[in-house]
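>>> Predicted model and sequence below, questions to follow.
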Amino acid sequence: MPKFQAPRGTRDLLPVERAVFLRLEHTARDLALRYGYAPIETPMFEGSAVYERGVGAVTDVVEKELFRVQAGRGEAERERWALRPEPTAGIVRAFVQHGMRTWPQPVKLTMTGPMFRYDRPQAGRYRQFWQFDVEAIGDPGPAIDAEIIELAMAFFDAVGLSDVQVLVNSIGDGACRPAYVEALRAHFAAHADELPDLERARLDTNPLRLLDSKDERMAPLVASAPTINGHLCDDCQAHFDGLLAHLAAVAIEPRISPTLVRGLDYYTRTAFEFYRSGAQGQQQALGGGGRYDGLVELLGGLPTPGIGFGIGLDRVALALQDQGGPPASEPWKPVVVVVGANAEDTVVRLQLATELRGAGLACRPDLTTRRLGKQLDGAAKAGAHFAVICGDELDAGHVQVKDLKAGTQRQVAVTDLARDLTRAQMQHRHGEEG
RNA sequence: GUGGCUAUAGCUCAAUCGGCAGAGCAUCGGAUUGUGGCUCCGAAGGUUACGGGUUCAAGCCCCGUUAGCCACCCCA
């Protein structure tokens, strides 16, 4: 008999951790709605071609991290699918498929859910991870670029994560990036014999990536490399200047990072990433995004600009844990537990608990036949504030209500129980706040 | 995908040189029948991650597999 366990790189979110994620998801949804982003849900898998075309066939995400699945009977039916490694390609596919270009522009959409990458796991890096995603399709910016970055920062603020810094850059567009890439290639090619093997290999495929190499030997070469700023065309420069002006208007102070490039091919112009300042370790990017003005067309639509971001909820949760702070609330814990003195009381306990829940109380009956003392012990350990004790008084229409925190107890008529406990619960809540 | 470190009860960890697998916490039960938290007693919980090898004898040494972590790669 094999021992079963969660697949590599995945994990179970147990109640306390799931509660943290739920809070993050609710905050994300509420915030996005307030900014006018409508909810959407796309499938967790698409035809592989959506990603090969959309994300870029030579990117790491597609080349080595795409979570491919094969299904279908027989050669004719068989088709290649892939679990989504990121949300944007799927959402843009949906934009094209449903003719969203006829909707009022821009189309603003949000989605939160699991993403999949077949990568080697590490702390903060999973094969299934959760992302809060926001996309604005149909607005060329740059004002919307600033709005969307401000939204991300508002999210970090709302969930209580401090010290988040935003790095921004412009990586140009079809008009100016090719020339810059060539200039970069020429620069590094001139020092080809000094390049580590890995970097020399990337010289052909993606020279931009050399810029954020972590190899120490690369530092001097990167420092002397031409920067994108000097190669931006007039339109891209104006766009970038506009972005900075609008960010300033909403009190966002970005760090301009000329070496910031993104691993997904579809990005143009604005690129940004979120980091926790002072954080150690390599998996500390909390999220990132950018503009993808060519993506809609790549996936078969008319030329349409777009911009979006994804924030990793796993890493936000990790950072919150790192940062300390109050423990997550556990709203499934009962305020009231109905216990019984007699083993055969379970009918009454269930009945009373059902009635109290109907009145809006977080209530749980103890349906065991163990001794009353064990039941009270269990109620206290479950975090309940009140225990309703069913006993012989029931014959006269009464139960005992015990305040487990204060240690006091009084008799209450069954007919008054719901009202009495509702009032007590309000005081209970006030007590928790104070 | 590359290199390294690690794996003992649900959790945190012991186990001398290779010599009978343990503790604390948590769970469940009991301490004369309807009153919790504290205390005391007890039970349950293990193929020492899995599979092989060496040895009279392996939790401990060797090989493989799986998983976690760290550094790369890359990103969320």
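Received, thanks. Numbers count the residues shown, from 1 in each chain, chains lettered A, B, ... in the order given.
>>> can you give me the helices in the stretch 1-150 of chain A?
A:15-34, A:48-54, A:60-63, A:74-77, A:88-97, A:143-158 (DSSP state H, counting those that start in this stretch).
>>> Least confident of the ones you listed, on average?
Lowest mean pLDDT within the helices of the stretch 1-150 of chain A: helix A:74-77, at a mean of 60.
>>> Can you name the helix or strand that A:Val412 falls in?
In this assignment (DSSP states H and E), A:Val412 forms part of strand A:408-413.
>>> do that strand and RNA strand B meet at all?
Yes: Strand A:408-413 lies within reach of RNA strand B by CB under 7 Å from any atom of the strand, at A:Gln409. No exception for glycine: its C-beta is placed from N, CA and C like everyone else's.
>>> Run through the stretch 301-434 of chain A and note the low-pLDDT ranges.
For the stretch 301-434 of chain A, residues meeting the criterion pLDDT under 70 lie at A:428-434.
>>> Buried ones in stretch A:19-34, by neighbour count?
For stretch A:19-34, the neighbour count (16 or more other CB atoms under 10 Å) marks A:19-21, A:23-24, A:27-29, A:31-32 as buried.
>>> circling back to that earlier point, by contact count, what packs against the strand holding A:Val412?
strand A:398-403 (3 or more CB pairs under 8 Å, 6 or more residues apart in numbering; DSSP states H and E).
>>> now the angle between strand A:408-413 and the strand it packs on, please.
Counting by axes from the mean of the first three to the mean of the last three CA atoms, to 10 degrees, strand A:398-403 lies at 150 degrees to strand A:408-413.
>>> Let's see strand A:398-403 as PDB, backbone CA atoms only.
Output in PDB follows, covering the C-alpha atoms of strand A:398-403 (Å, rounded to 0.1, in the frame of the first residue of the first chain):
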ATOM      1  CA  HIS A 398     -35.600  26.400  31.200                       C
ATOM      2  CA  VAL A 399     -31.900  25.800  30.400                       C
ATOM      3  CA  GLN A 400     -28.700  27.000  32.100                       C
ATOM      4  CA  VAL A 401     -26.600  29.600  30.200                       C
ATOM      5  CA  LYS A 402     -23.000  29.500  31.400                       C
ATOM      6  CA  ASP A 403     -20.600  32.300  30.500                       C
END
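>>> Check which residues of it are buried.
In strand A:398-403, counting by 16+ other CB under 10 Å, buried: A:398-402.
>>> hmm, which two among these are most spread apart?
The largest separation in the buried residues of strand A:398-403, counting by CB to CB, is between A:His398 and A:Lys402 at 13.3 Å.
>>> How many residues are close by the nearest residue to A:Tyr37 once chain neighbours are set aside?
Excluding its sequence neighbours, the residue lying closest to A:Tyr37 (CB to CB, 6 or more residues apart in numbering) is A:Thr110, at 4.0 Å. Here the count is done by other CB atoms under 10 Å, and A:Thr110 has 24 residues near it.
>>> check contacts around A:Thr110.
A:28-29, A:32-33, A:37-40, A:132-135 (CB atoms under 8 Å, 6 or more residues apart in numbering).
>>> quick one: it from A:Tyr35, how far?
For A:Thr110, the distance to A:Tyr35 equals 9 Å [CB to CB, to the nearest Å].
>>> what's the overlap in contacts for these two?
By CB under 8 Å, 6+ apart, the residues touching both A:Thr110 and A:Tyr35 are A:Val134.
>>> before we move on, back to that, deepest-packed of the helices of the stretch 1-150 of chain A, please.
helix A:88-97 (a mean of 23; mean count of other CB atoms under 10 Å).
>>> Mind giving me the packing neighbours of it?
strand A:45-47, helix A:48-54, strand A:107-116, strand A:128-137, helix A:295-298, strand A:306-312.
>>> Give me the contact list for that helix.
Here helix A:88-97 has contacts from A:40, A:42-43, A:46, A:50-51, A:54-55, A:84, A:100-101, A:107, A:109, A:111, A:133, A:135, A:137, A:264, A:266, A:292, A:295-296, A:299-301, A:304, A:306, A:308, A:310, using CB under 8 Å, 6+ apart.
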